[in-house]
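# sequence plus the predicted model coming up.
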Amino acid sequence: MKNNKKIKLITSILFVLPALILLYYYLKPLVDYVTYTFLSLSEESHIGASVNFFIYDTIKILILLFLISSLMGLVNAYFPIDRLRVYLTTKKMYGLQYFFASFFGAITPFCSCSSIPLFIGLVKGGIPLGVTFAFLITSPLVNEVAIAMFLGLFGIKATLIYAISGVLVGTIGGFVLGKLKLDRYLTDWVKEIQADSEQETEQWEKDNTPFIDRLPTIINEGWSIVRKVLLYVIIGISIGAAMHGYVPEDFFTEYLSADKWYAIPLAVLLAVPMYANAAGIVPVIQVFVAKGVPLGTAIAFMMSVVGLSLPEATLLKKVMKWKLIGVFFGTITIFIIFLGYLFNLIL
């Protein structure tokens, strides 16, 4: 009977895992077909763009959440995560741990909401909160596609400043947030999965439990995380979908192109309700600059759109208490406003 269960489990994994990876790979054309052909919605319409965005991002994030949670379960089961946690918290690395996490965020092609599954996995594994924040800050701000587009539109100088500043914001922001000792503001759910993960790993090591017997628990935990975060994903992506496809460029440029001291804080404030990834907002930034918005102000707007969105805050609510979300968003807001003024001086 036990062998039959193992065979069924292995067969299921061999079928489900490739299916999920294949679905993720072909998700965009599949959702485009459903939205624009099956549902007959116009690609140019606001409702069409919103429905397409909602279906695509919801499925994408749920797939990422399951795969990453399961992967982190494997890591926690076999990797000496306690040693890594102790090493990161006791050894003097002179801030390099924040830089490495920020750089890792820069090379991962995730938007703010897509970064959260990996953030949850890192927190679950016990990685120090400041280090995980460094990843979460930089991941949506900088990616290779946005850099390539930025290079073509604004030149190498502006691109280097944008990319380096994005990594530095993550590094410094993670360092500052780490020093504030904010772990107590994580939700009870996160603390429970951290404790359960540690207990299971210790018990498995004590009993020398083989991999095939650990796997059902790891898979079930990954699915449990998906179920418990599902509502927050739907709410967050719904907010993003409502905003997606509608960028009132003339309204923004009317207020942001003026040479006023409050233009940059206003740009950050107006960006928060919006939602897009860095690659999607770069062409909008080009329009802003062409209509007279200073490049520094436009970059501050872009960073706020991708790094300070309402959908991201909604998803984070499952992981953090409101006070921690406020501190996180407030810290990043201050850095982005500072960078906006700095960019306008040097660009």
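Yep, it's here.

# got a pLDDT number for D82?
Per-residue pLDDT puts D82 at 56.

# just the one 3 residues further on next, same as before
We note a pLDDT of 59 for R85 in this prediction.

# same question for Y33.
As predicted, Y33 sits at a pLDDT of 92.

# count the neighbours of it for me.
By other Cβ atoms under 10 Å, 11 other residues sit near Y33. From N, CA and C alone the C-beta is placed, and that goes for glycine too.

# next: L153.
L153 has 15 neighbours, counted by other Cβ under 10 Å.

# so it sits against F288, correct?
No. Look at L153 against F288 with Cβ atoms under 8 Å: they stay out of range, at 11.3 Å.

# now the top helix by length along the chain: buried residues?
Looking across the chain with DSSP state H, the single longest helix is helix 144-179. Of all the residues in helix 144-179, those buried under the rule 16 or more other Cβ atoms under 10 Å are 146-147, 149-150, 154, 158-159, 161-163, 165-167, 169-178.

# from the chain's centroid, how far away is the strand or helix carrying L71?
Assigned by DSSP states H and E, L71 falls within helix 46-78. Centroid separation for helix 46-78 versus its chain: 11 Å, with Cα atoms, centre = their mean, to the nearest Å.

# repeat for stretch 171-190
Counting by Cα atoms, centre = their mean, stretch 171-190 comes out at 16 Å from the chain centroid.

# what does it contact?
95, 98-99, 101-102, 120, 123-124, 128-135, 137-138, 228, 318-321, 323-324, 327-328, 331-332, 335 (Cβ atoms under 8 Å, 6 or more residues apart in numbering).

# PyMOL command for the buried members of those residues?
Buried members of the contacts of stretch 171-190, defined by 16+ other Cβ under 10 Å, are picked up in PyMOL with:
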select buried, resi 98+99+101+102+120+123+124+128+129+130+131+132+133+134+135+137+138+318+319+320+321+324+327+328+331+332+335
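
# mind checking which of the contacts of stretch 171-190 land in helices?
98-99, 101-102, 120, 123-124, 129-135, 137-138, 228, 323-324, 327-328, 331-332, 335.

# list the helices and strands the helix or strand hosting G222 packs on?
Using DSSP H and E, G222 maps to helix 211-243. In this structure, helix 211-243 packs against helix 2-25, helix 46-78, helix 112-124, helix 188-207, helix 310-316, with contacts taken as 3 or more Cβ pairs under 8 Å, 6 or more residues apart in numbering; DSSP states H and E.

# and that helix, how far out from the chain middle?
The mean C-alpha position of helix 211-243 is separated from the chain mean by 14 Å, Cα atoms, centre = their mean.

# now do it, average pLDDT.
pLDDT averaged over helix 211-243 gives 72.

# repeat for stretch 262-279
Here stretch 262-279 scores 78 as its mean pLDDT.

# now that stretch, how far from the chain's geometric center?
Worked out by Cα atoms, centre = their mean, stretch 262-279 lies 17 Å from the chain centre.

# do the same with stretch 286-304
Distance, centroid of stretch 286-304 to centroid of chain: 23 Å (Cα atoms, centre = their mean).

# contacts for it?
Against stretch 286-304 from outside (Cβ under 8 Å, 6+ apart): 141, 153-154, 158, 162, 166, 169, 249, 252-253, 256-257, 263-264, 267-268, 270-272, 278, 281-282, 284-285, 333, 336-337, 339-345, 347.

# now do stretch 29-36
L23, L41, S42, E43, G48, V51, N52, I55, Y56, I59.

# ok, the first one - contacts?
With contacts defined as Cβ under 8 Å, 6+ apart, L23 is in contact with L30, I59, I63.

# what do you get for the second one?
Contacts for L41 (Cβ under 8 Å, 6+ apart) come out as T35, I47, G48, V51, N52.

# one more time with 10 Å, if that's ok
V34, T35, I47, G48, A49, S50, V51, N52 (Cβ atoms under 10 Å, 6 or more residues apart in numbering).

# just the C-alphas of stretch 63-72, formatted as PDB.
The C-alpha trace of stretch 63-72 is given here as PDB (Å, rounded to 0.1, in the frame of the first residue of the first chain):
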ATOM      1  CA  ILE A  63       2.000  29.000 -10.400                       C
ATOM      2  CA  LEU A  64       5.000  30.900  -9.100                       C
ATOM      3  CA  LEU A  65       3.700  30.700  -5.600                       C
ATOM      4  CA  PHE A  66       3.200  27.000  -5.700                       C
ATOM      5  CA  LEU A  67       6.500  26.200  -7.400                       C
ATOM      6  CA  ILE A  68       8.600  28.500  -5.300                       C
ATOM      7  CA  SER A  69       7.000  27.500  -2.000                       C
ATOM      8  CA  SER A  70       7.600  23.800  -2.900                       C
ATOM      9  CA  LEU A  71      11.200  24.600  -3.900                       C
ATOM     10  CA  MET A  72      11.800  26.400  -0.700                       C
END
